[in-house]
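Asks: Predicted model and sequence below, questions to follow.
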Amino acid sequence: MVLPVWLVPALIAGSTAVSFMGSMNQSANLRKSMLIDRRNAQNRANQLKDIANREASKRLSTLRTLQAASGTQLGTGSNLLQTVETLKQIDKAQFYASQNLRMELDQIDARGSSLLAKEAYSRGTNLLGGVFKTIEGGTDSGLFSKPGEL
């Protein structure tokens, strides 16, 4: 039994189309994964921020209680310096927490964009290779030859 002339080029073209669609699906999955990673990082940062805020509130409350028990005025001397120092520590902790979030989001973006670029390059080369193999298969089988040539 002789196979139809168009079968090999059609199989190559079909395989190329399936590969291309798989690559498109992979890119969509990478984008979704990046979005989920970003959301998770922001949620973790918000949780840490809430914990830090509760801890800061406790520290300030304890500081105020100790200052009140000492019988000194809040706006004078070492009490004021102690309060200012505590607030500086709280601000510093919040600053570094926000910097950590920003760095993690930047890493997610960089990793994701490089994976997307790699996938796009692979998709393009596979598509071009598939087109050339389809043409080659059609030419070898005689599908793309003029009648009377072979």
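Replies: Yep, that arrived.
Asks: Once you drop chain neighbours, what's closest to the residue positioned nearest the centre of the chain?
Replies: Residue closest to the average C-alpha location in the chain (Cα atoms, centre = their mean): Met34, at 2.8 Å. If the residues on either side of it in the chain are set aside, Met34 comes closest to Gly112, at 3.8 Å by Cβ to Cβ, 6 or more residues apart in numbering. Yep, even glycine has a C-beta here, placed from its N, CA and C like the rest.
Asks: Next one: that neighbour from Asn126, what distance?
Replies: As for Gly112, its distance to Asn126 is 21 Å (criterion: Cβ to Cβ, to the nearest Å).
Asks: What mean pLDDT does stretch 139-149 get?
Replies: The average pLDDT for stretch 139-149 rounds to 75.
Asks: hmm, back to that, count residues in the vicinity of the residue nearest to Met34, would you?
Replies: By other Cβ atoms under 10 Å, the residues close to Gly112 number 17.
Asks: Equivalent analysis for Ala68, please.
Replies: 11.
Asks: Give me the pLDDT for it.
Replies: Confidence at Ala68, expressed as pLDDT, is 75.
Asks: re the thing from before, list the contacts of the residue nearest to the centre of the chain.
Replies: Met34 makes contacts with Ile108, Asp109, Gly112, as judged by Cβ atoms under 8 Å, 6 or more residues apart in numbering.
Asks: Check which helix or strand it maps to.
Replies: helix 7-70 (DSSP states H and E).
Asks: Which is the succeeding secondary structure element to that helix?
Replies: Sequence order places helix 77-141 as the next helix or strand after helix 7-70, per DSSP H and E.
Asks: quick one, that next one and helix 7-70 angle?
Replies: 180 degrees (axes from the mean of the first three to the mean of the last three Cα atoms, to 10 degrees).
Asks: And helix 77-141, what does it pack against?
Replies: Secondary-structure packing of helix 77-141 (3 or more Cβ pairs under 8 Å, 6 or more residues apart in numbering; DSSP states H and E): helix 7-70.
Asks: Check the offset of the helix it packs on from the chain's centre.
Replies: 7 Å (Cα atoms, centre = their mean, to the nearest Å).
Asks: same question, stretch 101-108
Replies: 9 Å.
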